[in-house]
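K.L.:
Predicted model follows, preceded by the sequence.
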Amino acid sequence: MSLRLARLRSVAWFGWMVEGNWADPVLFGIYVVARPLSVALILALMYRAVRGPGAHGVAFAGFYVANAFHSYVDRMIVGMGWAVFEEREEFETLKYVFTSPMGLLTYLAGRSSVKFTLATISVAIMLLTGWFALGVRWDWARVQPLPLALSIVLGLVATLFVGFLLAGWSLVLARSAIVVLDGVALVLFLVCGVIFPTQLLPWPLPYVALALPFTWWYEALRRFLLGAHTNALLAHWSDVAVLGGLAATTLVGSLLSLWGYHALERRARRIGRLDQTTMF
Amino acid sequence: MNGWRDRLALDLRAARARAFVRVVGTLREPQGVLLDAVFPNLGMCAYVLLYRGLGAPRSFETLAVIGGIMTTFWLNVLWGMGAQLFWEKQSGQLQLFFAAPCSRMAILAGMAVGGLVGTTLRSLVGVALGVWVFHVRFASFSPGVLIAVFLATMAALYALGMMLASLFLLYGREAWHTCNALTDPVFMLSGLYFPIRTLGSVGAFAAGLLPLALGVDALRQVLMGPAAHGLFPVRYELAGLCALAVLLLVLARLSLEHLERLSKREGRLTQRWQ
Amino acid sequence: MPSPVPGSAPAVETRALRRVFRASRGAGEVIALDGVDLRIERGEVFGLLGPNGAGKTTCIKILNTLLFPTSGEARVAGFDVMRDSREIRRRIGLVSGGESSGYGSLTVRECLWLFSQFYGVPGAIAWPRIDELIAVVELGEQARTRINRLSTGQRQRMNFARGFVSDPEIMFLDEPTLGMDVNAARRLREFVLDWVRARAGRTVLLTTHYMAEADQMCDRVAIIDRGRVLACDTPAALRRSVQGGQHVELEVRAPDGGVLDEVEGVRMAWGAPHPERGTLTLKFLLPEERVLGDVLRALAGRGVAVQGVSTRETSLEDAFIRIVGHGLDDEGPRA
């Protein structure tokens, strides 16, 4: 166990060097702050354009909060896919990582820790901006801390494992990974009810969305933080049922993701993708 | 080689050749084209559905569709132009460009033209989505004005891309991440998914500086009329875009020359890891 | 320096050429070139030989107008590298060995055409030339294959062809056969020599790691190390400058190669062990006035059994080692 932790730590350090060594701290800080702030403001300005200035109510707060937590999906899931792509195409060291005793999964877990940290900073910035500047507030008396904490943990577990799946997909993809990775984040953004109720999606997408843990995650966050319901399909589900749905989809999703990762890894080995560069 | 005619012929050949690479790359990778065309429009779909969820007037959906289409062009400017010389350096081809007798601006111009052709094809997917899936409606418009505004916007955008190409090379990975970091702020400041008026005086200032903001606003006004909640009259925005195109082309040339001088002094031009 | 007279100026001329790199973050500076004087006449195949980090590629980059010198002068075809870049670029070609770059979605022919256009070669001239070059590098079957489907070696050969597509006056070959198989490398060397001889005034500046390549191809060779030219002459003259005996290799069964230090007149003694056979290879230069028999008798007197004997003439590598003080891949003298 200590050896695995040591490896995780060394990979996390490496991940920090990769993520953070390209600029001085001020510029890096801007990088960490500017993006989430802009995403938050786009949402707020869209609401303002339609409803005018002033507080926008619980619905806005619900989508705002989900949009903030979607940073984890963006950074971690897409980020792990990018880590594989970067290793193979830019650093050309994927084959060395892969054939080392540490293995690729441990490596990815270590790299994801840095992405988790950066995503957490983004989430915090967005929530603080929402609280102080955009009227996104909640009644602390109505917050359910234990279910909230549990739902956050479950959501992050789902994010980590789906990240493994995307990393596995990256092993197999050639240069189209550049587009596919960002595309997956957009698909999840569209389908999981981040900024609008899923019932607006064309049939059968609202039901497809229920198979994804992130749909349950965002609903759970809204319920346990804001006391809000936005998903009409889940309106009649109790809080415990929603938490149960999140847990179930996380479990199934994680197992499927792990299975999918291994299957894709085997395929990558069969087609000889692990030590190719495909950026021509 | 005698005089400006020969130099012009050489530069036109180089531009044509470089544009050829872009166009061929687009046509020969159909799955890449599909992915490039479909995925960016998913964000547009999300914002259209957000407006629908808010019960906003249908004109807001049209506004979001136009913004989404322009996103395709902006991303091509940023990554297909701005980052391209950086990629050439990474792949070891940059030194070949700089050792060639043709003008570097000609090569960049070829990249711009090729990129514009490829991206225009991809943007048709966004148009198709908007018209056939979301049933957005346009006001009656003059095709001539639309083409003029579109071309002026593209000229300004791709001139900006040519300038960014030098900056990327100059600052290496910092510029890469900086542009990555600026993607969303530019989306926000350009009012891609909402009327830029919503930004107030900030919006007006941004529109003056960002060709994307001016271009999006002008295109919306041409296609939607008053429902676009435009910032400035179209003729002023068209003039602004033309002025920006000229200014940015000049800046692109100056920054490219500066870059080349600096790189030759510091020896960074062909250092892959710089 | 006087203004160039077209066609009469040397192909390359440098005077006190110096290039200093300042490392980032206060890590000091690196002197890549330290006062290099070169003069390469038209029609020559000129070699620049040196170990890694000697300054060969830096020199080529300056001459290709990719890099400014820190001080000194450099002229290509009579034009100054600082002021007349455009004139120089019209007249030169560049091949960097080991390069496997290219636009993956283009075919081999299209990629070569692309670069021909950067040099303003009209299509009527470019396409036949491209087909000839494709035949030279033996990519005829892959001519219409996309680059992303070529092997690394095939891409390297394509890049070699790319350098000649503009038919330059002066060709810079920076380790052109690096990583190529033996047959391919030999064919390319033959092509280069034929190319130079086919038209008066064509010049090649070749940097290489391979002694045999320099020996075979070059009219003259400059040996460079740590940014300085240590010697410049024909390969034969360089060999003669260090000749002074016969090179001998003995394979002996002995625990200590140092026994040869005691033999009078022996100038070098090298030992490479062969543990699988339990023997040692000893290389030394036997002076002309000495006799091999003396050495063999001295060894026999010490109970050393000689398993094999071979002799050879002084090679360019020997000259290099003598001049530089170490081998091409060594950092310093071998004990």
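P.N.:
Looks like it came in fine.
K.L.:
Name the helix or strand for residue C:14, please.
P.N.:
Residue C:14 is part of strand C:12-22 when elements are defined by DSSP states H and E.
K.L.:
near chain B at all, that strand?
P.N.:
Yes - if you take Cβ under 8 Å from any Cβ of the partner chain as the test, strand C:12-22 does meet chain B, through C:19, C:21, C:22. The way it works is simple: take the backbone N, C-alpha and C, and place the C-beta from them, glycine included.
K.L.:
Going along the chain, name the helices of the stretch 1-150 of chain A.
P.N.:
A:2-20, A:25-51, A:57-72, A:78-86, A:94-98, A:103-133, A:145-172 (DSSP state H, counting those that start in this stretch).
K.L.:
in the last one, what counts as buried?
P.N.:
Of the residues in helix A:145-172, A:147-148, A:150-152, A:154-172 count as buried by neighbour count, 16 or more other Cβ atoms under 10 Å in any protein chain shown.
K.L.:
quick one on the thing from earlier: please export the C-alpha coordinates of the strand holding residue C:14 as CSV.
P.N.:
The C-alpha trace of strand C:12-22 is given here as CSV (Å, rounded to 0.1, in the frame of the first residue of the first chain):
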residue,chain,number,x,y,z
VAL,C,12,30.2,29.6,-48.0
GLU,C,13,32.5,31.9,-46.1
THR,C,14,32.7,32.6,-42.4
ARG,C,15,35.1,34.8,-40.5
ALA,C,16,35.4,34.6,-36.7
LEU,C,17,31.9,33.2,-36.5
ARG,C,18,30.7,33.1,-33.0
ARG,C,19,27.4,32.1,-31.4
VAL,C,20,26.6,32.2,-27.7
PHE,C,21,23.4,30.9,-26.2
ARG,C,22,22.2,32.4,-23.0
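K.L.:
In its sheet, which strands sit next to the helix or strand following it, and in what direction?
P.N.:
Downstream of strand C:12-22, the first helix or strand assigned by DSSP H and E is strand C:29-40. Strand C:29-40 has its sheet partners listed here by DSSP bridges as strand C:12-22 (antiparallel).
K.L.:
for the host helix or strand of residue C:48, packing partners?
P.N.:
Taking DSSP H and E as the criterion, the element that holds residue C:48 is strand C:45-49. Applying 3 or more Cβ pairs under 8 Å, 6 or more residues apart in numbering or on different chains; DSSP states H and E, we find strand C:45-49 packed against helix C:56-63, helix C:182-198, strand C:203-208, helix C:211-217, strand C:220-225.
K.L.:
got the ones you listed as TSV, with distance to residue C:73 and mean pLDDT columns?
P.N.:
Below are these laid out as TSV (distance: least, Cβ to Cβ, whole Å; pLDDT from 0 to 100):
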stretch	distance to residue C:73	mean pLDDT
helix C:56-63	10	92
helix C:182-198	26	92
strand C:203-208	17	94
helix C:211-217	26	89
strand C:220-225	17	94
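K.L.:
Let's have these in CSV, adding distance to chain A and mean neighbour count.
P.N.:
Shown next, in CSV, are those (distance: least, Cβ to the nearest Cβ, whole Å; neighbours: other Cβ atoms under 10 Å in any protein chain shown):
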stretch, distance to chain A, mean neighbour count
helix C:56-63, 21, 25
helix C:182-198, 21, 15
strand C:203-208, 25, 26
helix C:211-217, 28, 20
strand C:220-225, 30, 24
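K.L.:
now the ones you listed as a markdown table including distance to chain B?
P.N.:
Formatted as a markdown table, the helices and strands packed on strand C:45-49 follow (distance: least, Cβ to the nearest Cβ, whole Å):
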| stretch | distance to chain B |
| --- | --- |
| helix C:56-63 | 7 |
| helix C:182-198 | 18 |
| strand C:203-208 | 14 |
| helix C:211-217 | 22 |
| strand C:220-225 | 18 |
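K.L.:
Am I right that residue A:237 is in a strand?
P.N.:
No - counting by DSSP: H, G, I helix; E, B strand; the rest coil, residue A:237 falls outside a strand, being coil.
K.L.:
Angles on the backbone of it, please.
P.N.:
phi -90, psi 140 (degrees, to the nearest 10).
K.L.:
State the number of residues packed around the nearest residue to it once chain neighbours are set aside.
P.N.:
Using Cβ to Cβ, 6 or more residues apart in numbering or on different chains and skipping residues adjacent in sequence, the residue nearest residue A:237 is residue A:245, 7.0 Å away. Residue A:245 has 19 neighbours, counted by other Cβ atoms under 10 Å in any protein chain shown.
K.L.:
If I take the strand or helix carrying residue A:245 and helix A:145-172, what angle do their directions form?
P.N.:
Assigned by DSSP H and E, residue A:245 belongs to helix A:239-271. Here the directions of helix A:239-271 and helix A:145-172 differ by 20 degrees (axes from the mean of the first three to the mean of the last three Cα atoms, to 10 degrees).
K.L.:
what packs against helix A:239-271?
P.N.:
Packed against helix A:239-271 by the contact rule (3+ Cβ pairs under 8 Å, 6+ apart) you find helix A:145-172, helix A:213-221.
K.L.:
Under the pLDDT cut-off, which ranges of the stretch 151-274 of chain B? List them.
P.N.:
Low-confidence regions of the stretch 151-274 of chain B, defined by pLDDT under 70, span residues B:172-178, B:268-274.
K.L.:
No more questions from me, cheers.
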